[in-house]
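Novice: the following comprises the amino acid sequence and a computationally predicted model.
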Amino acid sequence: MNLLKATFYDEFSCMGAECPLTCCGGWSIVIDEKTLKDYRMMGGEIGRFAKKCVKYDQNLQGMTGDLYYKNGSLGRLEIPALDLNVRIYQGTDSKTLAKGIGHFEDTSIWEGNVCLAAHNRGANSYFGQIHTLDIGDKIILTTKLGTRTYKVTDVFKVSETDRGGLADSGENMLTLYTCVRNQRDQRWCVTAAEV
């Protein structure tokens, strides 16, 4: 039988007596979605094990070191209508947004709803014109996992406390946030669906 192994396996070492569980029997493993699908499709003992013990968490997808580029970014966002092509970094604090677009840490970087934020004014005002996007405008996301194209589906204002746009989605989509000029309690929100 061809045994598939998760990418972390080469770096795995048994904890021996320090492990509170017996080897394999009590593992709760989190792996990438493709490897999980491959394991489950194998059938037999390994297939049953994968269905019972192995989990895939899309919010962890993209948060492992191997998905960061050497420059520290998670990828690039391109919006041709705004002549924008900029790097994406993990986090949405001021230091991160000074470098480029920020990725909301509690959202996926690839599957489901990918949520991003950037400044709307100053030297790094990458999202300064997102409110001018038209329905159907193209947005391209590139990460180490691949490239996806999205089309703008909506442009609207939300309250600064409205976190509804960060909710997970069964569909691949983007949600972009930036402040509204001279309206501190408002945010521009742009949603886009994968084409």
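Specialist: Thanks, I have it.
Novice: quick one: pLDDT of Met173?
Specialist: Met173 carries a pLDDT score of 97 in this model.
Novice: wait, what's in contact with it?
Specialist: Counting by C-beta atoms under 8 Å, 6 or more residues apart in numbering, Met173 makes contact with Gly112, Asn113, Val114, Tyr150, Thr153, Thr191, Ala192, Ala193, Glu194. C-beta coordinates here come from the backbone N, C-alpha and C atoms, glycine included.
Novice: and it, what are its phi and psi?
Specialist: Main-chain torsions, Met173, degrees, to the nearest 10: phi -150, psi 170.
Novice: what's opposite it in the beta bridge?
Specialist: With DSSP bridges as the criterion, Met173 is bridged to Asn113, Ala193.
Novice: how far away is it from Leu84?
Specialist: Using C-beta to C-beta, to the nearest Å, Met173 is found at 18 Å from Leu84.
Novice: before we move on, back to that, please pick the buried ones from the contacts of Met173.
Specialist: Gly112, Asn113, Val114, Tyr150, Thr191, Ala192 (16 or more other C-beta atoms under 10 Å).
Novice: ok, those vs Ile101, which is closest?
Specialist: Ile101 lies nearest to Val114 out of the buried ones among the contacts of Met173, by C-beta to C-beta, at 10.8 Å.
Novice: let me see the contact set for the closest residue to the closest one other than its chain neighbours.
Specialist: Distances taken as C-beta to C-beta, 6 or more residues apart in numbering place Leu174 nearest to Val114, at 5.3 Å, with adjacent residues excluded. By C-beta under 8 Å, 6+ apart, Leu174 lies in contact with Asn113, Val114, Cys115, Leu116, Ile139, Leu141, Tyr150, Val190, Thr191, Ala192.
Novice: quick one: which of those is nearest to Thr132?
Specialist: Nearest to Thr132 among these: Val190, at 10.1 Å, using C-beta to C-beta.
Novice: so the closest one makes contact with Lys151?
Specialist: No. Contact criterion C-beta atoms under 8 Å: Val190 and Lys151 do not qualify, at 11.2 Å.
Novice: give me the more crowded residue out of these two.
Specialist: Neighbours per residue (other C-beta atoms under 10 Å) separate Val190 from Lys151, with Val190 holding more: 23 against 14.
Novice: who's in contact with the more buried one?
Specialist: Contact analysis of Val190 by C-beta under 8 Å, 6+ apart lists Ile130, His131, Leu133, Val152, Asp154, Val155, Leu174, Thr175, Leu176.
Novice: in CSV, list those residues along with secondary structure.
Specialist: Below are the contacts of Val190 laid out as CSV (DSSP: H, G, I helix; E, B strand; the rest coil):
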residue, secondary structure
Ile130, helix
His131, helix
Leu133, coil
Val152, strand
Asp154, strand
Val155, strand
Leu174, strand
Thr175, strand
Leu176, strand
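Novice: compare these and tell me which is most surrounded.
Specialist: Highest count within those by other C-beta under 10 Å belongs to Leu176, 26 neighbours.
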